[in-house]
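In: Fold the following, please.
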Amino acid sequence: MAITIEWEDSEQTILRIVYSGEWTWEEFHGASNEVSTLLDGVDHAVHFLIDGRHGVIPNDALLQLGDIARSLSIINHPNAAIIIIAGASDYLRTLVDIFSKVYPGRVGAIYFTNSLPEARILLHNLLAENHGI
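Out: Sure thing, here's the model as predicted:
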């Protein structure tokens with residue numbers, strides 16, 4: 001599968017989503033449903049490390065913004081928290097910027113890093129700032 005989802009930690013507070021190669025909107029919506037099920041299974045905030053370094057966004061992504069706004073569990077679920085995208089292309093960064101302007105208030109802060117290790121460090125630092133750890 002071009003989109004894989006797994007818990008980053010045993011406490012189930014961080015979900016890692018990896019996009020590999022070309023993926024379809026059917027796979028995207030299936031992954032969103034899987035994330036929603038995982039979020040329903042916990043009663044606490046869940047943070048996201050999204051690895052987009054090797055994923056290829058479908059060409060019609062801009063046309064899909066409405067469907068994404070309705071179905072993307074990482075922005076709609078009450079347990080969804082910090083989102084960090086590692087290795088986002090300029091195209092993905094632009095799409096996120098457009099999405100946040102077209103759907104204000106739907107997306108909290110989304111952070112970008114160059115690599116997954118950087119994303120983990122950033123998440124640790126953000127959590128330390130918020131929780132004094």
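In: Count the residues that sit near Leu126.
Out: 16 (other CB atoms under 10 Å). In this view, the C-beta of every residue, glycine as well, is placed from N, C-alpha and C.
In: How about it, nearest residue that isn't a chain neighbour?
Out: Ile82 (5.9 Å; CB to CB, 6 or more residues apart in numbering).
In: can you check Glu8 too?
Out: Ile14 (3.8 Å).
In: The one you found touches His47, doesn't it?
Out: Yes - counting by CB atoms under 8 Å, Ile14 touches His47, with 5.0 Å between them.
In: so how far is Gly30 from the residue nearest to Thr24 when sequence neighbours are not counted?
Out: Excluding its sequence neighbours, the residue lying closest to Thr24 (CB to CB, 6+ apart) is Pro58, at 6.9 Å. In this view, Pro58 and Gly30 are 14 Å apart by CB to CB, to the nearest Å.
In: which residues touch Gln64?
Out: Gln64 makes contact with Trp25, Pro58 under the criterion CB atoms under 8 Å, 6 or more residues apart in numbering.
In: wait, is it part of a helix?
Out: Yes - if the criterion is DSSP: H, G, I helix; E, B strand; the rest coil, then Gln64 is within a helix.
In: Quick check: pLDDT value at it.
Out: On pLDDT, Gln64 comes in at 78.
In: before we move on, what about the one 3 residues further on?
Out: For Asp67, the pLDDT comes out at 76.
In: Just give the number of residues close to it.
Out: Neighbours of Asp67 (other CB under 10 Å): 13.
In: isn't it right up against Glu26?
Out: No - counting by CB under 8 Å, Glu26 is not a contact partner of Asp67; they are 11.3 Å apart.
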